[in-house]
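>>> Sharing a sequence plus its predicted fold:
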Amino acid sequence: SASVPHPGADPNDLALHSDGQDIQDAVNGNEIELYMGSKDIAIPQSIAYQADQQGNITPLLWSPTYSDQGNGDVKLHFGTYDPNQELIILFGKPETESNGARSHAVVPPHYMSYFGGSGQDEIRAVTTDDVGNTYIAGMTFTVDLPLIGTFNQIGKLQEDGFIVRFNSNFVMDWGIYNASQQREWINDLSWTSFDDRLYFVGTHDEFGLQSNLPTINPSGPNYFSDLVTGKTAIFGYVEAQTGNLKLQTILGSELTSGTSIDADPVTGEFVIAGNTRKLSGQNCSGITQYNTLPICNNTAGGTTSYFQQTNGVLAGVGNSNSEEGWFAIFNPNASLRICSFFGGGSHDAILDVAMDPLNQRIYLVGTTSSEAPSPTDYCSAANTGSFPLCNSIGNGAFFRPELNAVSPMSSLMPDGFVAGMSYNAELDWCTYLG
């Protein structure tokens with residue numbers, strides 16, 4: 001947390017007050033210790049810095065100190081500073097020394113700024129590359145974001161996606177809208193050294209109307225249908241150096257979202273994941289059937305799919321509040337290798353995905369209200385509607401062998417899960433975690 005005396009204010013009027021403690025002590029003026037029975041709460045030494053109207057930060061060579069005034073009151077003492085600029089006093093989590101001991105200092109910010117325009121703005125993703133550039137992305141209602149670049153510089157007065165790059169000195173190199181006449185959100189980013197690509201994944205919502213979302217895929221198929229009339233996942237990549245859009249396509253069907261993406265820096269393969277309420281088609285070459293996901297596997301040796309269907313009906317889509325997780329693995333040219341549902345007979349959601357290039361493995365994490373089979377040997381992912389709980393690599397051990405939520409209201413009480421598989425989507429480890 002922070003306190004911000006504005007120009008003209010007297011920071012000496014600031015004080016901290018605590019109630020409920022048995023003993024309070026300002027340790028050497030650098031830390032406040034609150035003792036409550038067997039509990040010890042430490043408030044570390046704060047830091048101070050200044051910022052001008054442009055957001056430029058000026059570090060100060062001193063830190064505020066504390067003195068105990070009794071009755072739960074603590075006074076702060078300050079050094080010299082420019083009274084014409086805001087003074088920011090930051091209270092935060094202490095640093096940890098290399099030996100695990102707690103330091104008496106708060107990590108100072110190297111850079112901090114608002115980013116947005118005249119409307120509502122949300123930053124939903126951040127990543128970096130190997131030379132110190134920082135990339136952010138999200139959603140905005142703003143048509144006047146301070147963007148620079150060559151692609152799609154006009155917001156559409158809807159919820160528009162955006163992507164921005166800052167260099168290592170936090171100066172904007174480029175920034176783009178990813179916008180149509182309808183709604184877009186960018187939910188995750190992944191930079192890879194393979195061709196210096198910045199991958200993104202998000203959600204596009206057409207409201208039942210035609211949009212002009214730019215779909216580009218020069219070397220592979222488009223997995224989209226102009227008939228889509230609701231939320232669909234979108235993914236693609238831009239040149240990290242320029243921000244020029246090189247790939248964008250819609251994947252899936254109505255009521256499908258894209259939540260996470262990761263890429264292999266060596267092979268250029270990438271994986272995306274999300275959630276859906278729709279059924280499947282069987283086509284890795286692009287969607288030909290309206291309102292379906294292309295559930296398929298073009299990889300020799302890989303399990304056909306981990307989709308949970310019962311008599312052809314998606315088991316996790318029994319009501320309007322249930323979703324099923326899904327993931328898809330692509331070659332560098334965006335040709336689809338594998339796309340599969342992942343979940344069981346109740347609500348399932350994949351929240352994040354990661355690729356491990358060293359061991360060529362993929363990991364999924366999320367939440368589920370689906371029950372597992374008994375016994376828990378379900379790496380083969382048969383179409384029973386059960387959650388694929390299994391472990392073929394860890395001596396049969398699980399963090400959690402059964403779902404915690406076992407009542408008829410279990411769909412309201414999900415547990416976490418984590419799953420691991422090969423690049424061929426051969427599941428060999430999946431467990432509840434919660």
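Now that the structure is in, tell me what you want to look at.

>>> count of neighbours near Gly79?
The criterion is other C-beta atoms under 10 Å. On that basis, Gly79 has 11 neighbouring residues. Using the backbone N, CA and C atoms, a C-beta is placed for each residue, glycine as well.

>>> how about it, secondary structure?
Classification of Gly79 into helix, strand or coil gives coil, according to DSSP: H, G, I helix; E, B strand; the rest coil.

>>> That one: what's its closest spatial neighbour, skipping adjacent residues?
Closest residue to Gly79 apart from its sequence neighbours, by C-beta to C-beta, 6 or more residues apart in numbering: Trp62 at 3.5 Å.

>>> which residues does the one you found contact?
Contacts for Trp62 (C-beta atoms under 8 Å, 6 or more residues apart in numbering) come out as 48, 78-80.

>>> and it, what are its phi and psi?
In this entry, Trp62 is assigned phi and psi values of phi -140, psi 160 (degrees, to the nearest 10).

>>> pLDDT value on it, please?
Each residue has a pLDDT score; the one for Trp62 is 83.

>>> Please identify which of the contacts of Trp62 is nearest to Val418.
Closest to Val418 out of the contacts of Trp62 is Ala48 (41.4 Å), distances taken as C-beta to C-beta.

>>> where's the closest one relative to Ile88, distance?
Relative to Ile88, Ala48 is positioned 7 Å away (criterion: C-beta to C-beta, to the nearest Å).

>>> Show me which of those two is the more surrounded one.
For Ala48 versus Ile88, neighbours defined as other C-beta under 10 Å are more numerous around Ala48 (23 against 19).

>>> buried set for stretch 415-427?
415-417, 419-427 (16 or more other C-beta atoms under 10 Å).

>>> Can you pick out the ones from those residues that are in strands?
Among the buried residues of stretch 415-427, DSSP state E puts 415-417, 419-422, 427 in strands.

>>> Widest-spaced pair of those residues?
Maximum pairwise distance in those, criterion C-beta to C-beta, is 24.6 Å, between Asp415 and Ser422.

>>> measure Val271 to Gly420 for me?
Following C-beta to C-beta, the distance that separates Val271 from Gly420 is 13 Å.

>>> shared neighbours of the two, which are they?
Contact with both Val271 and Gly420 is made by residues Ile362, according to C-beta under 8 Å, 6+ apart.

>>> Would you map the strands across the stretch 151-300 of the chain?
When secondary structure is read from DSSP state E, counting those that start in this stretch, the stretch 151-300 of the chain shows strands at 160-166, 172-178, 183-192, 197-205, 231-239, 245-251, 256-263, 270-276, 279-281, 292-294, 296-297.

>>> if you compare those, which one is most tucked away?
Neighbour counts averaged per stretch over the strands of the stretch 151-300 of the chain are highest for strand 270-276, at a mean of 28; criterion: mean count of other C-beta atoms under 10 Å.

>>> Contacts for that strand, please.
Strand 270-276 is touched from outside by 190, 192, 199, 201, 203, 233, 235, 251-253, 255-264, 293, 323-330, 332, 341, 348-350, 352-353, 355, 362, 364, with contacts defined as C-beta under 8 Å, 6+ apart.

>>> so where does Cys430 fall, helix or strand?
strand 427-433 (DSSP states H and E).

>>> What residues of that strand count as buried?
Using 16+ other C-beta under 10 Å as the burial criterion, the residues of strand 427-433 that qualify are 427, 429-432.

>>> Nearest to Gly132 among these?
Among these, and counting by C-beta to C-beta, the member closest to Gly132 is Trp429, at 34.9 Å.

>>> and the closest one, how far is that from Ser340?
Trp429 sits at a distance of 16 Å from Ser340 (criterion: C-beta to C-beta).

>>> what's the answer for Leu247, then?
In this structure, Leu247 and Ser340 are 22 Å apart, going by C-beta to C-beta.
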